[in-house]
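Enquirer: the sequence isn't on hand, but the structure is:
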Ligand code: NAD
């Protein structure tokens, strides 16, 4: 049986936890070799070891990188190409939501800058070095498909709707990811490089659950969720798999919402 990412090479940032970890596992299950990139090397190594144990037909490698540093991102892409011979999928997923991120009056400039450095510049650099690597991939004439590559950038539902519980720098950074992704998608469409954003709703991962650390804070969000529950990281991994694979071959520049209906809601069920 062949998987949906058979013989492809993928690099995933923020692969030590949440969406990144679940995507690494799923991509490997579907036949991809995966480079798991995280600032937390131990977490990425654990993920790679799990994949290598579970799926001996593929190779998973872990490497440490801070996506807020251009050289780290370049080195990670170079490593993927060196180890796997090519790069087909780049999942720019790492991101932070700083506890001191607040409204326009209370957010300190250093928090704004740190958030932009990781969430927005990190995605820019990921795209830049992935595009350079993907330009070396041959186009699959036999299939009639442009297989230059697929880049997926994790944004958020807060890039689409406003929240009265603000994290201003985070929201602005994710809005930037959407705008940047659309433009990159247009610039590189005829090279066969597809670039899409993934817009998750609120998920049960450490990033959000550490932030919503009381029942009251969680309930304040829950009332807005039509499905009445937070999402699971694996539900986002399944969407990322679709964007990564040739199943989405006619999609580029989209804001792919996987949010339990949140951004379509006016009044939610009781
Ligand atoms: P998570 O906290 O479970 O995992 C994030 C991973 O990124 C961690 O392993 C962390 O070590 C790594 N990381 C943090 N800073 C890094 C850096 N500078 N360089 C490299 N790695 C770094 O989070 P998650 O919920 O899986 O979030 C993944 C993405 O999804 C983020 O971009 C986040 O903004 C976005 N998102 C999450 C939610 C949610 O509710 N959890 C909603 C919308 C969007």
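Expert: Arrived safely. In this text the structure is predicted, and so the values were computed from the model without any measurement.
Enquirer: what about the helices in the stretch 1-150 of the chain?
Expert: Residue ranges of the helices in the stretch 1-150 of the chain, as given by DSSP state H, counting those that start in this stretch, are 18-29, 41-54, 70-84, 109-116, 122-134.
Enquirer: ok, the helix or strand where residue 185 lies near the ligand or not?
Expert: Using DSSP states H and E, residue 185 sits in helix 168-188. No. Helix 168-188 stays out of contact with the ligand when judged by CB under 6 Å from any ligand atom, the minimum separation being 6.8 Å. All C-beta spots, glycine's among them, are computed from the backbone N, C-alpha and C.
Enquirer: tell me the contacts of the spatially closest residue to residue 45 that is not a sequence neighbour?
Expert: Spatially, and ignoring its direct neighbours in sequence, residue 45 is nearest to residue 62 (4.3 Å; CB to CB, 6 or more residues apart in numbering). Counting by CB atoms under 8 Å, 6 or more residues apart in numbering, residue 62 touches 15, 35, 36, 37, 38, 41, 44, 45, 47, 48.
Enquirer: so what pairs up with residue 62 in the strands?
Expert: Counting by DSSP bridges, residue 62 is bridged to residue 36.
Enquirer: report the separation between it and residue 188.
Expert: As judged by CB to CB, to the nearest Å, residue 62 and residue 188 stand 28 Å apart.
Enquirer: what's the answer for residue 9, then?
Expert: Residue 9 sits 18 Å away from residue 188, going by CB to CB.
Enquirer: ok, those two, which is more surrounded?
Expert: Using other CB atoms under 10 Å as the criterion, residue 9 and residue 188 rank with residue 9 on top: 25 against 20.
Enquirer: settle this for me: the more buried one is touching residue 87, isn't it.
Expert: Yes. With contact defined as CB atoms under 8 Å, residue 9 counts as touching residue 87 (5.5 Å).
Enquirer: returning to what we had before: Throw the helices of the stretch 1-150 of the chain into CSV and include mean neighbour count and distance to residue 211, thanks.
Expert: CSV is the format used below for the helices of the stretch 1-150 of the chain (neighbours: other CB atoms under 10 Å; distance: least, CB to CB, whole Å):
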stretch, mean neighbour count, distance to residue 211
helix 18-29, 26, 13
helix 41-54, 18, 19
helix 70-84, 18, 25
helix 109-116, 16, 13
helix 122-134, 22, 19
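Enquirer: hang on, residue 77 packs against residue 133?
Expert: Yes. The criterion here is CB under 8 Å, and residue 77 meets it with residue 133 at 5.4 Å.
Enquirer: pull up the overlap in contacts between those two.
Expert: Counting by CB under 8 Å, 6+ apart, the contacts common to residue 77 and residue 133 are residue 87.
Enquirer: ok, back up a step: any idea of the angle the helix holding residue 185 forms with helix 109-116?
Expert: Orientation check (axes from the mean of the first three to the mean of the last three CA atoms, to 10 degrees): helix 168-188 against helix 109-116 gives 30 degrees.
Enquirer: isn't residue 160 right up against residue 265?
Expert: No. Using CB under 8 Å, residue 160 makes no contact with residue 265, being 11.8 Å away.
Enquirer: follow-up on the earlier one: between the helices of the stretch 1-150 of the chain, which gets nearest to residue 244?
Expert: Closest to residue 244 of those, according to CB to CB: helix 18-29, at 6.6 Å.
Enquirer: what angle separates that closest one from helix 41-54?
Expert: 30 degrees.
Enquirer: on that earlier part again, would you mind listing the buried residues in the helix holding residue 185?
Expert: By 16 or more other CB atoms under 10 Å, the buried positions in helix 168-188 come out as 168-178, 180-182, 184-185, 188.
Enquirer: residues in contact with that helix?
Expert: Under the criterion CB under 8 Å, 6+ apart, residues 95-98, 101-104, 107, 111-112, 115-116, 119-120, 123-124, 127, 131, 148, 151, 153-156, 158-160, 162-163, 194-197, 199, 252-253, 255 lie in contact with helix 168-188.
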